[in-house]
Each structure stands twice: as C-alpha cells, then as structure tokens.
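Asks: what follows is a predicted structure for the sequence shown.
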Amino acid sequence: MRPLTPSERRTIRYASVGLAIYLALFAGWKACSWLGRQRADYLRLVAQGRQLKVAVQPFADQAAVVKKLMEEFHFDPAALARNSVVADASAAIQKAAQGGGLQPGPIRESAGRAANKELATIQFEGTGQVPAVMAFLQRLPTLGFPMLVDSVQISSDPMRPGQMKLNLTVKVLDFDQWKKTEAPHA
Amino acid sequence: MREWLNSPPVFIELGRHTLRAWREGAGLELPLERGADGKITAAARDLAVARLQMLLGRKRWQPAVRAVCGLGASGVSLRRMTVPAAAKGDLEGVLRLQIEGEFPLPPDSLAWGWRELPGDAAKCEVLVAAVRKEVVEEYAALLTAAGMNPEFTLAALARNVLTPSPAAAQLLLEAGAEGLELVAFSGGLPVAVRGLPPTGPLEKAVADLGAGTVYVSGPMAELVSARLSGQATVRPLPVPAGAGGSAATAGLEKIVASGETFLRLQIRTQPARLAVKFSFREHRTQLLRVAALLALLLLLPYAEALLFRPLVARKIAAFRSEQARFAAVVVPELDFLQSLKQTQPPYLDALYVLAQSAPPGLHLDSISLNQRGEVALKGSLQNGQQVTDFRTKLIASGFFGAPTVEEQTPTPDRQKVNFRLSAQWPPAGSRPVLKLESPAANTNQPNPHLP
C-alpha cells in the first residue's frame, strides 16, 4: 500500500473530525430525547399518583361507616357462611325469644326468592307478655345476621289474658348475591 | 454583644529587633531576628505569630483584633509642607505631588501620613511622616497572620502624650540597647529626629536640638539620664511594669482611650483603573466546581426520573391493587349494610307512636305491620269519640300518612265500640324522627313530643 500524501492525510483527518462531530451531535440528540421521554413518563406517573391519592381519600370515611354499621348490626357480611347462616339465624331467633321470656311456637323456614337476594324466609310464632314481645322485636336486628323483618302480627290470646301472640316473618338476605350484582342504593 | 464580637485593641511597639505588645494589663516582648537581607526570619516570624495569637486568645470566627502600632523613628522622614488653603478639598492628591518632588521615593513606595499644623487661614501647613513601604508591609503581614488589623503611627508621638504638657517644646529620648532615638517636639508634633548609637554624641545632639526638658524612656534610661544630668532637665516617662509594657504602648493606649485622631502611616497607592483581571488557570478549581454544580442542576431532574420511575410505578401499582381490593370488599359491604339499615321497617317506632296515641281503656285484639309500611289494628274502645280522638292523635303525630277507620261497630250491649283501623307510614326520609324517652323515667306518662 502506498503511503498517503499530506493532503490525503489532512482530508482524512477533517473527515474523521466531521464524522465524530456528527456522531456526537446525533448521539447527544438521541440521548436528550430519550431522557426527555423518561422524564415525561415519570411526571405522568407522579400525576397519576396524585390523582390516586385524591381518589382514595373517601375510602377512610367509607371504612369508618362500614365499621360502625357492622358494630351496630353485630356482624360482618364477608364473614358469614352462606350454608349455615339460615340455621344460625333461626337458632339465634329462638334463643333470643327464650332469653327474653317469649315462649317459642312453630317455626317454619322456606326458601327465599333469589330475585330479591333472599336466602330464606323464617316464620316464627310465639307467646309472651308485652314487654317480652317488645324486647324481642328490639333485639332482632342486632342478633348478628342479615335479617329483614317482613311482617309483624301481634294479637291478644283470649285463652290467656295478659299474654300476646306474636307472628313474625323474617327474611334472611344473601350477601353473596349482593356482591355479584351492583347493590341498589336504597 | 458588640463588645463580645469586637475585642479590645492591642498596642504594639515595633522596633527593628524587638516587638512589644500590650493588651489589658498583660503583654509580651518578642525578639525579631533578621536575616542577612534585613528581613525578619521565617522562624522568628512564626514564633511571633504564635505568641501573639496566644496573647489574643482569639477564636477563628471572631473578627480581627485592632492593633495600634508605634514604629520607631529609625527610617522615618519628617517634612513640613505648605499647600494652598484651596487645596484642602483634595489634600491627599496635592500632598502626593509634593511628596513626589521632595522625597527620594515615589508616594506609592512609601507608607505615609500627615497632620495639619495650626496656622493662618490663607495657607495650610502640614507635617508629613513617611517610611519605606516594605517596612510597614513586613510588620503588617506578620500582624495580619496573627489575626490583627494593624494601624501604624510613630512611637514617639505616643510617648509624647505621656509627658505632663505634650504641646510644649521638649525632647523625647528612647534609650534602647540597639541605639538612641531622639525626637524634638513642638506644639505636640515631632519637628526633628536623630538616631544615635548607644555611645554616640548624645550631649551634642541634645544641645543642637534646643533647650527644654528631656523625657527619657527605654531599658537604658537610667544610664542616659546620668549622662545628661548636668546638661539638661531630665525626667523619666512612666512605664507600666511587666513584659510588653513600654512608654510607647502606654502612650498608644492613652491616645486610643481619649479618642483623639493620630497620624496614621498608610500605604496610599494611586487609584487603579477599573480592570477585571481574571485568570482561568488560577480559578480552575472553582470553575470546575461551578461547572459540576451547573451540570448537576441540569441533570438532576432527569436523574430523578431515571432513579425514581420504577419506584413510583411500583407504588402506584400497589396503590391500585389496594384500591381494587377495597372496592371488592368494603364497597359491597357498605352498600349491603346501608341498604339493610334503610330498608329495616320502623316497627318499634310505629308501636311506640300507637301506644302513645292510644286512649285509656283501649282493648287491642290484633295489630299487624309489614315491610311495605301497612299497619292494621283491630280493637275496642268505650265510645266512638275515643276512636275519633285516637285517629286524630295518629294524624297529628305525623308518623302515619292518613289513618283510616275501616269499621266502627258498637257492641250489642252498647258498652263498647269495636273498630278496625288501617294506616301506612311514609317512606324513610319523609317520616319524623322520634325522640324516644327512657321508659323507666316516665312510665305510663304520655310523650310530650307527641300531641
């Protein structure tokens, strides 16, 4: 290979410098745009985080309301066992009646209407004095089961003066069905 | 606070081979060894700096201590100059020109100062004292290194204020081991200076400079006083006892305490033209730091994005999953419980209103209530008026919409009236809120909140 002339060497030198400058500028521009994209993504994430923070602020209030309602009703809907809730509710009704001085009569259980998100309907009959009946009615919502009193019938017992007959229909609600569909806001 | 920050000044007498410093009753005396070139040696300089720093006890954060220094008369030139009174506005500039003409060195090579002499109003007479700039610069560098802010004057001026009448014509003789320094004063200002060796013709010099009292100070003061005792009135100057105490330091302290202005020897240079001298080589380190800081400032936002983006993304994902879990668990529970609470029929409230509205003597056969709010009541009362009153009270309670007496039948014996009554409570929200009272407190008493 023949040696390069000074003119050729100078040309190559200039070309190398030009190429290096071009590459540096190109790489610099690419790096800058990449960094800019990264920063824009980061700022977008930060903004999302701020929005989320605002969005979850009512959660604390909702959690407090749920806690208060659970304490009021004495049960946690998520902890209820669907298979045994009707049996447990029936037993609790009888126990509350007996504990309050009410003499339990016939109890009938029938399947509830799924369309109404009911598990079962319990019909309870009992006899007792007025205070016992009223105390029983008062205790009913706090027995610890998702029960809704459908109807109450109180009548005097002609055979036993001072005694009242109570005929009660209670619906046991199905929380699982409630979860599956959007709950109506009553 | 001000006194704490501005510590008291130090008074220094600077001889060619000795430095005496005095501050608040304590002081020190240091030798100033000089090399072959006549400059203070580095060892002597370092020793002096260290000893002076110990004397000052200054913290690094405290401002420099004011040092009022008296220079020996050796090497000091005194000139009386007269300038026009009109030149008082720019006296320094005029004096500079005169010094240029009368002194062997240019003003920029001298440390000089002046005092105006009392005279007539037409002209201004000035006494100028000057010494080589290098002399003052050498002392200034040493004292600055020790943490001081030096001001220079003549030691003889300081000694003069110790005399009983400083304005009188008199001679001051400093008798040191290195030599004798004889200064003639008139009107409180030096008019002539003589430097003599210890055994020089002192008597002749005193006779040449004129009559008057000779005030003597210095370590050889007694010896010199004995030499002059027959020729002139000789008096010693009061000197404070202890190392560093001398007539000059005592005089300087007296001048500063009195607040008088004194002749300051200053290095007065020609005002330089405004020019920015900046050397990149000298400030290379600082420039590099500034550049690094700027680069850091520019890159930090991008570095933040690169470093924290994964962390923020993880946090947001965790947040979202928590939100989904909450929505899946808590929201249905909340809806369910709220619905249960709102659809729970107000049986007890209805029974309470009925009981409070019922007239005495009501015989209840049956009462039925259901979730739709329908109430049916069957019973008997003594007469039709009581039935009417009962219904009126139920209407007035506001709890029931429109009670209807479906049937009202007197018994065959006309003693009672059997009746059937139906009513319906309005939906939640449009019902009045009952204020229930404790049954124990008001048993069998009508509720005052009901009609």
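Replies: Sure, I can see it.

Asks: drop to CA atoms for contacts and neighbour counts, all remaining ones
Replies: OK.

Asks: list the contacts of the closest residue to A:Gly162 other than its chain neighbours.
Replies: Nearest residue to A:Gly162, sequence neighbours excluded (C-alpha to C-alpha, 6 or more residues apart in numbering or on different chains): A:Gln129, at 6.3 Å. Going by C-alpha atoms under 8 Å, 6 or more residues apart in numbering or on different chains, A:Gln129 touches A:Gly101, A:Leu102, A:Gly162, A:Gln163, A:Met164.

Asks: mind listing the helices for the chain?
Replies: As the question left the chain open, I've gone with chain A. Taking DSSP state H to define them, one finds helices in chain A at A:6-55, A:57-73, A:85-99, A:130-139, A:175-180.

Asks: that was the other one, I meant chain B.
Replies: With DSSP H as the criterion, chain B has helices at B:2-5, B:42-56, B:91-102, B:133-145, B:155-160, B:202-209, B:221-228, B:247-258, B:284-343, B:347-357, B:384-397.

Asks: chain center to the longest one, what's the gap?
Replies: Meaning helix B:284-343. Computed by C-alpha atoms, centre = their mean, to the nearest Å, the chain-centroid distance of helix B:284-343 equals 39 Å.

Asks: before we move on, what about the third one?
Replies: Mean C-alpha position of helix B:91-102 versus that of the full chain (C-alpha atoms, centre = their mean) differs by 45 Å.

Asks: next one: the second one
Replies: Using C-alpha atoms, centre = their mean, the distance from the centre of helix B:42-56 to the centre of the chain it belongs to is 32 Å.

Asks: dump it to CSV, restricted to CA.
Replies: As requested, C-alpha coordinates have been extracted for helix B:42-56 and formatted as CSV (Å, rounded to 0.1, in the frame of the first residue of the first chain):
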residue,chain,number,x,y,z
ALA,B,42,10.7,32.9,59.0
ALA,B,43,11.4,31.2,62.3
ALA,B,44,11.2,34.5,64.2
ARG,B,45,8.1,35.4,62.2
ASP,B,46,6.3,32.1,63.0
LEU,B,47,7.3,32.4,66.7
ALA,B,48,6.0,35.9,66.9
VAL,B,49,2.7,34.9,65.2
ALA,B,50,2.2,32.0,67.6
ARG,B,51,2.9,34.1,70.7
LEU,B,52,0.7,36.9,69.5
GLN,B,53,-2.1,34.5,68.8
MET,B,54,-1.8,33.1,72.3
LEU,B,55,-1.9,36.6,73.7
LEU,B,56,-5.1,37.5,71.8
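
Asks: what mean pLDDT does it get?
Replies: Mean per-residue pLDDT for helix B:42-56: 89.

Asks: residues of chain B that sit close to chain A?
Replies: B:301-302, B:305-306, B:308-309, B:312-313, B:316, B:319-320, B:323, B:329-340, B:342-345, B:347-348, B:364-371 (C-alpha under 8 Å from any C-alpha of the partner chain).

Asks: which of those are buried, as a ChimeraX select command?
Replies: Of the residues of chain B next to chain A, the buried ones go into a single ChimeraX selection, burial set by 16 or more other C-alpha atoms under 10 Å in any protein chain shown:
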select /B:302,305,306,309,312,313,316,319,323,330,331,332,333,334,335,336,337,338,340,343,344,345,347,364,365,366,367,368,369,370,371
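
Asks: that older thread, deepest of the helices of chain B, which one?
Replies: Most buried of those, by mean neighbour count (mean count of other C-alpha atoms under 10 Å in any protein chain shown): helix B:155-160, with a mean of 26.

Asks: quick one: distance of it to the chain centre.
Replies: Counting by C-alpha atoms, centre = their mean, helix B:155-160 is centred 41 Å from the centre of its parent chain.

Asks: can you list the neighbours in contact with that helix?
Replies: Residues outside helix B:155-160 that contact it (C-alpha under 8 Å, 6+ apart) are B:13, B:69-73, B:166, B:172, B:183, B:185, B:188-190, B:237, B:247-252, B:255.

Asks: please redo it, this time with the cut-off set to 6 Å
Replies: Helix B:155-160 has contacts (C-alpha atoms under 6 Å, 6 or more residues apart in numbering or on different chains) with B:Gly70, B:Leu71, B:Gly72, B:Pro166, B:Ala247, B:Ala248, B:Gly251, B:Leu252.

Asks: quick one: contacts for the last one?
Replies: I take that to be B:Leu252. So B:Leu252 contacts B:Ala158 (C-alpha under 6 Å, 6+ apart).

Asks: how close does it get to A:Leu168?
Replies: Counting by C-alpha to C-alpha, to the nearest Å, the gap from B:Leu252 to A:Leu168 is 115 Å.

Asks: then B:Gly176?
Replies: B:Gly176 is 128 Å from A:Leu168, by C-alpha to C-alpha.

Asks: between these two, who's got more neighbours?
Replies: A:Leu168 (21 against 17; other C-alpha atoms under 10 Å in any protein chain shown).

Asks: got the helices of chain A as CSV, with mean neighbour count columns?
Replies: Conversion of the helices of chain A to CSV gives the following (neighbours: other C-alpha atoms under 10 Å in any protein chain shown):
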stretch, mean neighbour count
helix A:6-55, 13
helix A:57-73, 15
helix A:85-99, 18
helix A:130-139, 17
helix A:175-180, 16
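
Asks: a markdown table please, covering these and showing mean pLDDT.
Replies: Formatted as a markdown table, the helices of chain A follow (pLDDT from 0 to 100):
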| stretch | mean pLDDT |
| --- | --- |
| helix A:6-55 | 93 |
| helix A:57-73 | 90 |
| helix A:85-99 | 91 |
| helix A:130-139 | 90 |
| helix A:175-180 | 78 |
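
Asks: indicate which one of those is closest to A:Thr121.
Replies: helix A:85-99 (8.7 Å; C-alpha to C-alpha).

Asks: and the residue of the stretch 101-250 of chain B nearest chain A?
Replies: As assessed by C-alpha to the nearest C-alpha, chain A sits closest to B:Ala145 within the stretch 101-250 of chain B, at 51.1 Å.

Asks: for stretch A:145-159, buried residues please.
Replies: Of all the residues in stretch A:145-159, those buried under the rule 16+ other C-alpha under 10 Å are A:145-157.

Asks: can you redo these as TSV with pLDDT?
Replies: Formatted as TSV, the buried residues of stretch A:145-159 follow (pLDDT from 0 to 100):
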residue	pLDDT
A:Phe145	90
A:Pro146	91
A:Met147	91
A:Leu148	90
A:Val149	91
A:Asp150	91
A:Ser151	93
A:Val152	94
A:Gln153	94
A:Ile154	93
A:Ser155	92
A:Ser156	87
A:Asp157	79
